[in-house]
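J.: Can you look at this prediction? I've put the sequence above it.
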Amino acid sequence: MAITLNRKCFFSAVIAITAFLSSVVTFSQSNVEKFAFGGYAQGTTYHIVYYADKQRVSKQQVDSILTKIDSSLSIYKSYSLISQFNNSTSGVRMDAYLKTVVKKSIEIFHETAGIFDITVFPLVSAWGFGPVRINELPDSAEIKDLLSCVGSNNIKIEGEMLVKHVPCVKLDVNGIAQGYSVDLLANFMEKNGIHNYLVEIGGELRVNGRKQPGGDLMEIGIEGPSNDTSGEPIIRRVVQIKTGALTTSGSYRKYFEKKKKLNAHLINPMTGYPFQNELIGVTVYAKDAITADGYDNALMGMGLEKALAFIKKHRGIEAYFIYQDGNGNILEKATPGFDKLIKVL
């Protein structure tokens, strides 16, 4: 099995999958069956693979879970809980989904000194990466005005309430919620007695166990731009993991060109402008997908040197970077822990 990771925005993604499982296969040598199904959710595709003695989780159950998450965290649903918060002047009572995501987001906000910030929604929208199309890019005056609405210090969890101290604060959890969705489905697998599985949504995935009955490790292909002038995506590396999560953030697919300037979809919450550095893509490995997903965008924003220094000081995350040098060459670098996951071809 090989899966290709590329970056999505929550509820807006494309994933390229190679040699993926498409049906149920029964192994004659054992009582174990391979179950595989997929579908559409959160503006992208998802795929589930697991090995068990019988069908323990169905597509209908997974779709139901994803719909519930959507009703809480999608900024594209006017009735969602997060949309209610964004439209309010003071806050809302949280459900378990919103509380978990906001709590983790505030933690990462502090750990990254504000580089990761879910209150970036007004800026994301102004640059045309929100739910509404734009005709003109924001000018410096508009960005300065919007920055007054940005900052996770302006929100606070008070019991079951999520309170905003500035009425114009709005949340965009695209940078972490898809990873959280993967974790919820992985936890659902385990609660149903499934211990060998792969859960993937829009390129974010979590794995546990091995393929059965042979016991081979799961293999995941990491996508990135080619070294030639075409820039077409290729599989740059293949990793093997027994347990954990992989998520990817990249600027080479989701961008727009305006006045001959290339703008990545990742917005710096402190300046109001898109991040500009040498990084093209970052793939993060962590024990769970909410952690990996929360940090991949932040590492992209830091740039290579600061990102590598950050990981050295923060246990529990490893990363693989694709970047461009001053001569336009596409290069790559992995942290020592991530390098151990890369399959030697």
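T.: Here it is on my side, so go on.
J.: C-alpha from now on. contacts and neighbour counts both.
T.: Noted.
J.: who touches stretch 112-124?
T.: Applying CA atoms under 8 Å, 6 or more residues apart in numbering, the external contacts of stretch 112-124 come out as 105-106, 108-109, 130, 143, 146-147, 149-152, 169-173, 175, 265, 267-270, 272, 294-295, 297-298, 301-302.
J.: per-residue confidence averaged over that stretch?
T.: Stretch 112-124 carries an average pLDDT of 97.
J.: Enumerate the positions of the strand or helix carrying Val163 that are buried.
T.: Using DSSP states H and E, Val163 sits within strand 161-164. The neighbour-count check on strand 161-164 (16 or more other CA atoms under 10 Å) flags Leu162, Val163, Lys164 as buried.
J.: are any of the contacts of stretch 112-124 buried, and which?
T.: The buried subset of the contacts of stretch 112-124 - by 16+ other CA under 10 Å - is 105-106, 108-109, 130, 143, 146-147, 149-152, 169-173, 175, 265, 267-269, 272, 294-295, 297-298, 301-302.
J.: for stretch 203-213, how far is the first residue from the last?
T.: 26 Å (CA to CA, to the nearest Å).
J.: gap between the residue nearest the centre of the chain and Ala126?
T.: Taking CA atoms, centre = their mean, the centroid of the chain lies closest to Asp293, which sits 4.1 Å from it. In this view, Asp293 and Ala126 are 23 Å apart by CA to CA.
J.: swap in Ser105?
T.: For Ser105, the distance to Ala126 equals 22 Å [CA to CA].
J.: Could you look up the SS state of Asn153?
T.: helix (DSSP: H, G, I helix; E, B strand; the rest coil).
J.: no wait, Val182
T.: helix.
J.: how close does it sit to Ala36?
T.: 16 Å.
J.: Between these two, tell me which one has more neighbours.
T.: Counted by other CA atoms under 10 Å, Val182 and Ala36 do not tie: Val182 has more neighbours, with 26 against 20.
J.: Looks like that one contacts Asp293 (just checking).
T.: No: if you go by CA atoms under 8 Å, Val182 and Asp293 don't touch, sitting 10.1 Å apart.
J.: Which neighbours do those two have in common?
T.: Contacts common to Val182 and Asp293, judged by CA under 8 Å, 6+ apart, are Glu204.
J.: Would you state the helices of this structure in chain order?
T.: Taking DSSP state H as the criterion, the chain carries its helices at 59-73, 81-87, 96-111, 121-126, 140-147, 177-191, 289-302, 304-313, 336-339.
J.: if we look at the first one, which residues are touching it?
T.: Right, the one you point to is helix 59-73. 37-38, 41-42, 77, 79-83, 95, 97-98, 173, 177, 181, 185.
J.: Separate out the buried members of these.
T.: Of these, these count as buried by 16+ other CA under 10 Å: 37-38, 41-42, 80-83, 97-98, 173, 177, 181, 185.
J.: Output the residues you listed as TSV; include the columns pLDDT and distance to Asp325.
T.: Output for these, formatted as TSV (pLDDT from 0 to 100; distance: CA to CA, whole Å):
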residue	pLDDT	distance to Asp325
Phe37	97	41
Gly38	97	38
Ala41	92	37
Gln42	90	35
Ser80	97	42
Leu81	98	43
Ile82	98	39
Ser83	97	40
Tyr97	98	40
Leu98	98	39
Val173	96	31
Ala177	96	32
Ser181	98	35
Leu185	98	39
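J.: Report the two of the residues you listed separated the most.
T.: Across the buried ones among the contacts of helix 59-73, the longest distance by CA to CA is 30.4 Å; it joins Phe37 and Ser83.
J.: Give me the contacts around stretch 134-151.
T.: The contact list for stretch 134-151 (CA under 8 Å, 6+ apart) reads 114, 117, 119-123, 126-128, 166-170, 269-273.
J.: Sorry, wrong one. I was asking about stretch 181-196.
T.: Against stretch 181-196 from outside (CA under 8 Å, 6+ apart): 50-52, 56-57, 62, 65-66, 69, 197-201, 204-212, 288-290.
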